[in-house]
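S.K.: coords below, sequence missing:
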């Protein structure tokens, strides 16, 4: 459209020059060279067109009026918000191994998801919101300003709405390299912000203790199971040995055998002495009917019968009324070996369990607070000037984009 206007203006200028040449009278006897110079027409006077009024009206309706309403709401209706900051870190009593130290320097973790990562997600989840709501009634705290529907929580909010609002009012930041967690907690009263921050700190400490207990139980569970098995084996071995002693009515068969062997040795010595005595009697007399010989022979027979009985009771001769000593001793030695083996396994399992418990206690986790919550004195939110400036800038940008689209469509027609 601008090109057509310029062409019309150029034609008008050419026509005006031609008319001026026709009306002009040349002077006689003067030779002059006439040079034609093309001049641009004068600009037409500018005046406001209807589209200009439309643009001005749209600017007022879509930029000025919303900006003024935003300023009025922020000044009159928006309630002050007080923030409390709490910062802490998860630490363990044991020192880091070399692999974990190198991993912390390069920003990685060899143990996968650390407790700080779990705690960071826990502070942004529904569980902590539900627990704090049961303690402090978050719905009542966040819906306190009745005339501020934009920044407050509506009264009939569900737990999902409360969790979404919690993510807006509680900003949690996490430094993965240093393992530091910091939470900025806001509410419409300074006391409420302080109480919420203390509840967050307490619940976070409980969660870390829970994670530490779970890790401790996992680390000593195998040692405890082994200890329980060896304890049951030792108890069973001692029970069998006790039943054996009750059945055979003796505490230590080996001691009984030693007594029996002592008696047998004594009888053998008496038998040898009596045989020598008998030989001496036979050499000193010529009568076979000597009463001393008969008495000595009877004594020898009695000692031999007693030796045979003792050997029979030891399992080396004729069986008696009960099992022979050889079987008793064999069974007893097997039971003693089982008991000693069970005791050795129990002592090893007990030492392993004590070492596992000690190591688990050394690796226990705890919360270190480096920035305790304090009572705020000055409101920090909402940031009225920043919200107003961003809102105005956004409205101006949207209006400018609409105006450019309008003129682009108008030029194409």
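M.R.: It's in. All of these numbers come straight from a predicted model, not from anything done at the bench. Numbers count the residues shown, from 1 in each chain.

S.K.: can we go C-alpha only for contacts and neighbour counts from here?
M.R.: OK.

S.K.: secondary structure element holding residue 386?
M.R.: Using DSSP states H and E, residue 386 falls within helix 384-412.

S.K.: and that helix, how far from the chain's centre?
M.R.: Relative to the centre of its chain, helix 384-412 is centred 48 Å away, using CA atoms, centre = their mean, to the nearest Å.

S.K.: next, the buried residues of that helix.
M.R.: The neighbour-count check on helix 384-412 (16 or more other CA atoms under 10 Å) flags 384, 388, 391, 392, 395, 396, 399 as buried.

S.K.: what does stretch 227-244 give?
M.R.: 227, 229, 230, 231, 233, 234, 237, 238, 240, 241, 244.

S.K.: can you tell me the SS state at residue 172?
M.R.: Secondary structure for residue 172, judged by DSSP: H, G, I helix; E, B strand; the rest coil, is strand.

S.K.: so who does the nearest residue to it once chain neighbours are set aside touch?
M.R.: Closest residue in space to residue 172, ignoring its immediate chain neighbours: residue 183 at 4.3 Å, by CA to CA, 6 or more residues apart in numbering. The neighbours of residue 183, taking CA atoms under 8 Å, 6 or more residues apart in numbering as the test, are 85, 86, 87, 170, 171, 172, 173.

S.K.: cool, and residue 150?
M.R.: With CA under 8 Å, 6+ apart, residue 150 has these contacts: residue 78.

S.K.: about what we covered before: now go through the buried residues of stretch 227-244 and say which are in helices.
M.R.: When the buried residues of stretch 227-244 are checked against helices (DSSP state H), the matches are 227, 229, 230, 231, 233, 234, 237, 238, 240, 241, 244.

S.K.: the nearest residue in space to the third one that is not next to it in sequence and residue 234, how far apart?
M.R.: What it means is residue 230. Setting aside the residues directly before and after it, residue 230 is nearest to residue 346 in space (CA to CA, 6+ apart), at 5.0 Å. Distance from residue 346 to residue 234, counting by CA to CA, to the nearest Å: 7 Å.

S.K.: which stretches of the stretch 301-413 of the chain form strands?
M.R.: 365-371 (DSSP state E, counting those that start in this stretch).

S.K.: before we move on, back to that, show me what the helix or strand harbouring the residue nearest to residue 172 pairs with in its sheet, parallel or antiparallel.
M.R.: Here residue 183, judged by DSSP H and E, is contained in strand 180-187. Strand 180-187 pairs in its sheet with strand 82-92 (antiparallel), strand 170-175 (antiparallel), by DSSP bridges.

S.K.: what average pLDDT does it get?
M.R.: The average pLDDT for strand 180-187 rounds to 90.

S.K.: can I get the buried residues of helix 384-412 in JSON lines including pLDDT and distance to residue 56?
M.R.: JSON lines is the format used below for those (pLDDT from 0 to 100; distance: CA to CA, whole Å):
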{"residue": "384", "pLDDT": "86", "distance to residue 56": "27"}
{"residue": "388", "pLDDT": "88", "distance to residue 56": "21"}
{"residue": "391", "pLDDT": "90", "distance to residue 56": "19"}
{"residue": "392", "pLDDT": "91", "distance to residue 56": "16"}
{"residue": "395", "pLDDT": "90", "distance to residue 56": "14"}
{"residue": "396", "pLDDT": "90", "distance to residue 56": "12"}
{"residue": "399", "pLDDT": "87", "distance to residue 56": "11"}
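
S.K.: quick check, nearest of those residues to residue 144?
M.R.: In terms of CA to CA, no member of the buried residues of helix 384-412 lies closer to residue 144 than residue 384, at 19.6 Å.

S.K.: tell me where the model's unsure across the stretch 301-413 of the chain.
M.R.: Low-confidence segments of the stretch 301-413 of the chain (pLDDT under 70): 310-326, 363, 413.

S.K.: do you know how far residue 376 is from residue 81?
M.R.: From residue 376 to residue 81 the distance is 10 Å (CA to CA).
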